[in-house]
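Student: kindly return the folded structure for what I paste below:
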Amino acid sequence: MSSQLIQLFQSAVVFGTVIMFGAIGEILTEKSGNLNLGVPGIMYLGGIAGLAASFFYELNNPAPNPVICLILSFTAAFLAAALGGLLYSFLTITLRTNQNVTGLTLTIFGGGIANFFGGGLNIMAGGVGQISVASTSAVYCAFVPGLSGMGVFGQLFFHYGFMVYLAIIIAIAVRFFLVRTRRGLNLRAVGENPATADAAGINVTLYKYLATCIGAGISGLGGLYYTMDYIKGTWANDGTIEALGWLAVALVIFATWRPVNAMWGSYLFGLLSWAYLYIPGLGRRTMELFKMLPYLVTIAVLIFISLRKKRENQPPASLGLPYFREER
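Tutor: Numbering: from 1, shown residues only. Here you go, the predicted model:
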């Protein structure tokens, strides 16, 4: 197999994994009826929190423990992103603010906070691009021992860090939770008709809070993966995390709110995001059109499912709508 095709496949998997984390977290959130457009900001929070935790642990530490590096960065990223989800939940569920406006504000807030602290870390490290969390990054970038050297097969399927496989596991687990467990069915009931769920004794507020916070924590892992694996443990203020966050939001629609669809859809989005680099003779304008492909595909899918009007392909019925118990 051509080395260029292998490289394209690997790039698609890496970029797709970032998008998958964001999309799976948002699917869980939207199944509760909450439309969180703050996914890019939440991914920013996860990325900078994981980087900062690793940076301060490795700073002036001659022999950082890889296990501690992993635990600190992973926990910090998940908790920071979950706190972003908690802020969104408090504003939209308790204070009943507009979900669209709150989500967009969270994106701006998360990006601003992350770039502010990223700039501070750059200054502490001695300049832009001087941040080094090599020990932590090495843990995230480590390939599967032995399997990654199995020729083309190893390069295609085992030439990645552990978070690629973790994203797949989380997607399958979320699908199992939503379809096969009582709490998952309760969550879907809350997203479809919160008044009926409330009348049946389901704590609507609790389910919405938990789904949004845990979903945000999962989305934040996308920012952590991008920071630690893709750019090798540094901070880049180039807007890529935000762009991938919006792709994650688009992927939720493309996947028709199904976690398993989000798995292969994320790799397709990753492939479309990089394909233009491997097609010779493209002009600059044509390259920009190629970058639009994931969004164009999402629009096409949205039109298709709208025309077919199959209930299983539609979003949760109460998505984006506030719930007022006194109006039940």
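Student: poorly predicted segments of the stretch 151-300 of the chain, please.
Tutor: 279-287 (pLDDT under 70).
Student: quick one, helices of it?
Tutor: Applying DSSP state H, counting those that start in this stretch to the stretch 151-300 of the chain gives helices spanning 151-157, 162-180, 182-192, 194-199, 204-225, 240-254, 259-274, 284-291, 293-308.
Student: deepest-packed of the ones you listed, please.
Tutor: Per-stretch averages of neighbours, counted by mean count of other C-beta atoms under 10 Å, single out helix 204-225 among the helices of the stretch 151-300 of the chain, with a mean of 26. For the C-beta atoms, the positions are set from N, CA and C on the backbone; glycine is no exception.
Student: using TSV, lay out the helices of the stretch 151-300 of the chain together with distance to residue 54.
Tutor: Shown next, in TSV, are the helices of the stretch 151-300 of the chain (distance: least, C-beta to C-beta, whole Å):
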stretch	distance to residue 54
helix 151-157	28
helix 162-180	14
helix 182-192	33
helix 194-199	40
helix 204-225	10
helix 240-254	17
helix 259-274	25
helix 284-291	31
helix 293-308	30
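Student: go through the ones you listed and name the closest to residue 93.
Tutor: The closest of these to residue 93 is helix 204-225. By C-beta to C-beta, the value is 5.3 Å.
Student: against which helices or strands is that closest one packed?
Tutor: Under the contact definition 3 or more C-beta pairs under 8 Å, 6 or more residues apart in numbering; DSSP states H and E, helix 204-225 sits against helix 3-30, helix 39-58, helix 66-89, helix 162-180, helix 182-192, helix 194-199, helix 240-254.
Student: before we move on, what SS does the residue nearest to residue 69 when sequence neighbours are not counted have?
Tutor: Distances taken as C-beta to C-beta, 6 or more residues apart in numbering put residue 136 closest to residue 69, at 4.0 Å, once the chain neighbours are dropped. Counting by DSSP: H, G, I helix; E, B strand; the rest coil, the backbone at residue 136 sits in helix.
Student: so for stretch 310-321, what's the average pLDDT?
Tutor: On average, the pLDDT along stretch 310-321 is 83.
Student: extract the CA atoms of that stretch and return them as PDB.
Tutor: What follows is stretch 310-321, C-alpha atoms only, in PDB (Å, rounded to 0.1, in the frame of the first residue of the first chain):
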ATOM      1  CA  LYS A 310     -38.100   8.800  10.000                       C
ATOM      2  CA  ARG A 311     -38.600   9.200  13.800                       C
ATOM      3  CA  GLU A 312     -35.500   7.200  14.700                       C
ATOM      4  CA  ASN A 313     -33.300   9.700  12.700                       C
ATOM      5  CA  GLN A 314     -34.800  12.800  14.300                       C
ATOM      6  CA  PRO A 315     -33.200  14.700  17.300                       C
ATOM      7  CA  PRO A 316     -34.800  14.400  20.800                       C
ATOM      8  CA  ALA A 317     -38.200  16.100  20.700                       C
ATOM      9  CA  SER A 318     -37.400  18.500  23.500                       C
ATOM     10  CA  LEU A 319     -33.900  19.400  22.300                       C
ATOM     11  CA  GLY A 320     -33.100  23.000  23.100                       C
ATOM     12  CA  LEU A 321     -36.400  23.600  24.800                       C
END
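Student: what comes up buried for that stretch?
Tutor: 315, 316, 318, 319, 320 (16 or more other C-beta atoms under 10 Å).
Student: my guess is residue 6 contacts residue 152. True?
Tutor: Yes. Between residue 6 and residue 152 a contact is recorded at 6.8 Å, counting by C-beta atoms under 8 Å.
Student: any residues in contact with both of those two?
Tutor: With contacts defined as C-beta atoms under 8 Å, 6 or more residues apart in numbering, no residue is shared by residue 6 and residue 152.
Student: how far does stretch 54-70 sit from its chain's centre?
Tutor: When C-alpha coordinates are averaged (C-alpha atoms, centre = their mean, to the nearest Å), stretch 54-70 and its chain have centres 25 Å apart.
Student: end-to-end on it?
Tutor: Stretch 54-70 has an end-to-end distance of 8 Å (C-alpha to C-alpha, to the nearest Å).
Student: repeat for stretch 229-238
Tutor: So stretch 229-238: terminal residues 16 Å apart, C-alpha to C-alpha.
Student: before we move on, back to that, how about the helices and strands packed on helix 204-225 in a markdown table, adding distance to residue 142?
Tutor: Below are the helices and strands packed on helix 204-225 laid out as a markdown table (distance: least, C-beta to C-beta, whole Å):
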| stretch | distance to residue 142 |
| --- | --- |
| helix 3-30 | 14 |
| helix 39-58 | 15 |
| helix 66-89 | 9 |
| helix 162-180 | 7 |
| helix 182-192 | 33 |
| helix 194-199 | 44 |
| helix 240-254 | 22 |
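Student: output the below-cut-off pLDDT ranges for the stretch 1-150 of the chain.
Tutor: Applying pLDDT under 70 to the stretch 1-150 of the chain picks out residues 1, 127-129, 147-149.
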